[in-house]
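Engineer: structure of the sequence below:
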Amino acid sequence: MTDQVTRNNHYVPQWYQRGFIESGRSQLHYLDMSLPHKVLPDGRTVPIKALHKWGPTSCFSEYDLYSTHFGSVVNDEVEKFLFGSIDDRGSKAVRAFADGDLSAMHYAFQDFFEYLDAQKLRTPKGLDWIKSRYSSLDQVQLMVEMQGLRFIHCTMWTEGVREIVSAEASDIKFIVSDHPVTVYNAATPPTSTECAYPEDPPIEWLGAQTVFALDANTCLILTHLEYAKDPKAANSTAPRTYARYRGQSLVRTDAFIRTRKLSRNEVIAINHLLKSRARRYVAASDKEWLYPEK
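Structural biologist: This is a model prediction of the structure:
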């Protein structure tokens, strides 16, 4: 226990970022896509440098993102106790899934999906999505609502087809974004209203696929069973059969597909998706990977 208050809140954990750093290095190329500007003393407006090279302590964090205030007292229990526990268990679970250790995956199965759901909601984009559902929420109410919404996607995710693809055969690796849990639906491109910030295509839709890079070389893709069986015949924007948030379910913890090694162009396509659904920042070991649209 410590009396020091944590106010610099990492919404993408530092341990997760390290999975995208090449061996022997300690920093990521970090791209700010907002093109911010500053006003000089003479009145001229100039753009701020968009590309930086920083370590995980400086990337994907925001001051007081989870802090609550009671008068002059700052409370950091959401960061310290809620996400402290989720990240401790989640880091072990993500590593087990990336490594393909079936025994470790079995015991970390619930921890992994708990982390995945929390990661989707804890980012600035995720919190803005929560706020868009309510007329007004103060910071305390927002933190309470975020905790109340945890686990809402786990049932549908675990009931789907789970595939872990590899970038080992590609010279380009996966990038990390400021909203790592990404939802893709071929019927709703990034320019559609369903993808207007802070929206994502609804997960209950039949064609929704959840994409989450486990590290620079491995990526998890979750697909509804009906769509996986026949994607051409499926109505991508119709709800899947028995779509529901939360709820009990019985699933196999060892049912994963791990046979696909992606080509260079396939990795680029996933990186383009991750970047297009990010709010503001993306990062990678190689700065050229940050521009998949090229």
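Engineer: and for stretch 109-120, what's in contact with it?
Structural biologist: 12, 83, 86-87, 89-90, 92-94, 96-97, 105, 126, 150-154, 157-158, 179-181, 212, 253 (CB atoms under 8 Å, 6 or more residues apart in numbering). (Glycine included, C-beta is placed from N, CA and C.)
Engineer: do the same with stretch 137-149
Structural biologist: Here stretch 137-149 makes contact (CB under 8 Å, 6+ apart) with 66-69, 78, 82, 121-122, 126-127, 130-131, 134.
Engineer: same deal with stretch 282-290?
Structural biologist: Against stretch 282-290 from outside (CB under 8 Å, 6+ apart): 17, 20-22, 25, 28-31, 33, 51, 59-60, 172-173, 175-178, 216, 271, 274-275.
Engineer: drop anything exposed from those.
Structural biologist: The neighbour-count test (16 or more other CB atoms under 10 Å) marks 17, 20-21, 28-31, 59-60, 172-173, 175-178, 216, 271, 274-275 as buried among those.
Engineer: so where's the longest helix in this structure?
Structural biologist: helix 83-99 (DSSP state H).
Engineer: give the next helix or strand downstream of it.
Structural biologist: Per DSSP states H and E, the first helix or strand lying C-terminal to helix 83-99 is helix 102-107.
Engineer: mind checking pLDDT for Ile134?
Structural biologist: Just so we're on the same page, residue 134 is Tyr rather than Ile. For Tyr134, the pLDDT comes out at 89.
Engineer: got a pLDDT number for the nearest residue to it once chain neighbours are set aside?
Structural biologist: Distances taken as CB to CB, 6 or more residues apart in numbering put Glu145 closest to Tyr134, at 7.4 Å, once the chain neighbours are dropped. The model reports Glu145 with a pLDDT of 96.
Engineer: what about the helices in the chain?
Structural biologist: Ranges of helices in the chain, per DSSP H, are 14-18, 77, 83-99, 102-107, 109-122, 124-132, 139-148, 154-159, 225-229, 264-276.
Engineer: quick one: which of those is nearest Ala187?
Structural biologist: Comparison of these against Ala187 by CB to CB identifies helix 225-229 as nearest, at 10.8 Å.
Engineer: give the rounded mean pLDDT of that closest one.
Structural biologist: Averaging pLDDT along helix 225-229 yields 96.
Engineer: rewinding a little: which of the buried ones among the contacts of stretch 282-290 fall in strands?
Structural biologist: Among the buried ones among the contacts of stretch 282-290, the members falling in strands (DSSP state E) are 28-31, 176-177.
Engineer: residue contacts, the residue nearest the centre of the chain?
Structural biologist: By CA atoms, centre = their mean, the chain has its centre lying nearest to Pro180, at 2.0 Å. Neighbour list for Pro180: 12, 16, 119, 123, 212-213, 274 [criterion: CB under 8 Å, 6+ apart].
Engineer: what of Gln209?
Structural biologist: For Gln209, the contact set (CB under 8 Å, 6+ apart) comprises 183-185, 221-223, 227.
Engineer: for Thr191, state which of those is nearest.
Structural biologist: Nearest to Thr191 among the contacts of Gln209, counting by CB to CB, is Asn185 at 12.9 Å.
Engineer: now the closest one: how far from Asn271?
Structural biologist: 18 Å (CB to CB, to the nearest Å).
Engineer: and if you look at Trp205?
Structural biologist: For Trp205, the distance to Asn271 (CB to CB) stands at 23 Å.
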